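1. let me see the structure of the following:
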Amino acid sequence: MLDKTLNIRGRLLSLATPVVMGILNITPDSFYADSRKQSEAAIEERIQAILSEGGQIIDIGGYSSRPDAAEVSPEEEMKRLAFALKILNAHYPDAIVSVDTFRADVARRCVEEYGVAIINDISGGELDKKMFETVAGLNVPYIMMHMRGTPQTMQQHTDYTDMMEEIMLYFAAKVRELRLMGVNDIILDPGFGFSKTVDQNYRLMSRLEEFDVFGLPLLVGISRKRMIYNYLGGTPADSLNGTTVLNTYALMNGADILRVHDVRAAVEAVKIITKLK
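-> Residues are numbered from 1 along each chain as shown. This is a model prediction of the structure:
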């Protein structure tokens, strides 16, 4: 099988060795308090940390998607993103930037006005029906996550008859739709923590290698999530070790991109797993 790649502004990013995506939260209410960055100095410090620790992609989010998060208007989301993107473009113009948004117009503006390279949509096009055509027009890689409902209601939608079958059919239909629209670079995100119970998250992780059937890059985002601290006890702040264990398992079972708060730990996991192959 050919190595997976992503077309980043005309340059190929190889995923032959898994890459680490560092999270830059510019929301005031992200579930992990230490990840919230709102001042210019804090944002620049976080960007520098991600890059210096080996992160290859910076994922910026201006809308908290935790279950009980407050609604954020499109205007406020764009305002937050623009603030951070201006800092990035001024000081780190070569950085590969992904924007975490489910809104097509926000995605379009981030790409056209600030040169964002990747769109990361937690809703897989479900929350804005214009997202697929927008991504197709922008010709940028698209991260498509599985979720039911909205961030506010998703944990009310965990009543699957066969969770894996539903997720696989969900992706199969959407990949076909995107392909017909001319989208070349599609990344799958199974959606750990989104419309899934703790037990369902672990069942999903145990069957991660089944996503290889699509032949597409696979993103895993479990960093400090509830599936770790609700199971082991503690809080997001106590969950680095559990995160590293799950990231290591994910790397051994097909993950191509790890979306994390703790970049150094994830990069070290990638290096060790790569060394063992």
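2. surely residue 161 is in a strand?
-> No - secondary structure of residue 161 (DSSP: H, G, I helix; E, B strand; the rest coil): coil, not part of a strand.
3. how deep is it tucked in, by neighbour count?
-> When neighbours are defined as other Cβ atoms under 10 Å, residue 161 has 6 of them. C-betas here are computed from N, CA, C, even on glycine.
4. now do residue 232
-> Neighbour tally, residue 232, other Cβ under 10 Å: 12.
5. residue contacts, the closest residue to it other than its chain neighbours?
-> Nearest residue to residue 232 in three dimensions, chain neighbours excluded: residue 242, at 5.5 Å (Cβ to Cβ, 6 or more residues apart in numbering). For residue 242, the contacting residues are 228, 229, 231, 232, by Cβ atoms under 8 Å, 6 or more residues apart in numbering.
6. just the buried residues out of these, in PyMOL syntax.
-> Of those, the buried ones go into a single PyMOL selection, burial set by 16 or more other Cβ atoms under 10 Å:
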select buried, resi 228+229
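7. next structured bit after the helix or strand hosting residue 23?
-> Using DSSP states H and E, the element containing residue 23 is strand 19-25. Scanning forward in sequence from strand 19-25 by DSSP H and E, the next helix or strand is helix 40-52.
8. quick one: contacts for residue 259?
-> 21, 23, 59, 189, 219, 220, 221, 223.
9. with residue 167 instead?
-> Residues in contact with residue 167, defined by Cβ under 8 Å, 6+ apart, are 146, 190, 191, 204.
10. make TSV from these and add secondary structure and pLDDT to it.
-> Listed next are the contacts of residue 167 as TSV, based on DSSP: H, G, I helix; E, B strand; the rest coil; pLDDT from 0 to 100:
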residue	secondary structure	pLDDT
146	coil	96
190	coil	98
191	coil	97
204	helix	98
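11. related to what we said a few turns ago, so which of the contacts of residue 259 are in strands?
-> Among the contacts of residue 259, DSSP state E puts 21, 23, 59, 189, 219, 220 in strands.
12. quick check: closest non-adjacent residue to the third one.
-> I take that to be residue 59. residue 98 (4.4 Å).
13. packing partners for the helix or strand hosting that neighbour?
-> Element membership for residue 98, per DSSP H and E: strand 97-100. Strand 97-100 sits against strand 57-61, helix 74-91, helix 104-114, strand 118-121, with contacts defined as 3 or more Cβ pairs under 8 Å, 6 or more residues apart in numbering; DSSP states H and E.
14. cutoff 10 Å now
-> Under the contact criterion of 3 or more Cβ pairs under 10 Å, 6 or more residues apart in numbering; DSSP states H and E, strand 97-100 touches strand 19-25, strand 57-61, helix 74-91, helix 104-114, strand 118-121, strand 142-145, strand 257-260.
15. mind checking how far the last one is from the chain centre?
-> Strand 257-260 has its average C-alpha position 7 Å from the chain's average C-alpha position, going by Cα atoms, centre = their mean, to the nearest Å.
16. what pairs with that strand, parallel or antiparallel?
-> Strand pairing for strand 257-260, using DSSP bridges, gives strand 19-25 (parallel), strand 219-220 (parallel).
17. make CSV out of the ones you listed and add distance to residue 171.
-> As requested, the strands paired with strand 257-260 are exported to CSV (distance: least, Cβ to Cβ, whole Å):
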stretch, distance to residue 171
strand 19-25, 19
strand 219-220, 12
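18. model confidence for residue 26, exactly?
-> We have a pLDDT of 88 for residue 26.
19. next, count neighbours for it.
-> A count of neighbours around residue 26, defined by other Cβ under 10 Å, yields 26.
20. sorry, back to before: partner strands of the strand holding residue 98 and their direction?
-> strand 57-61 (parallel), strand 118-121 (parallel).
21. using PDB, write down the CA coordinates of the last one.
-> In PDB, the C-alpha atoms belonging to strand 118-121 read as follows (Å, rounded to 0.1, in the frame of the first residue of the first chain):
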ATOM      1  CA  ILE A 118      -6.900  21.900   7.000                       C
ATOM      2  CA  ILE A 119     -10.500  21.900   8.200                       C
ATOM      3  CA  ASN A 120     -11.400  19.800  11.200                       C
ATOM      4  CA  ASP A 121     -15.200  19.300  11.500                       C
END
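22. before we move on, back to that, just name the closest of the contacts of residue 167 to residue 270, please.
-> residue 190 (18.9 Å; Cβ to Cβ).
23. much appreciated, bye for now.
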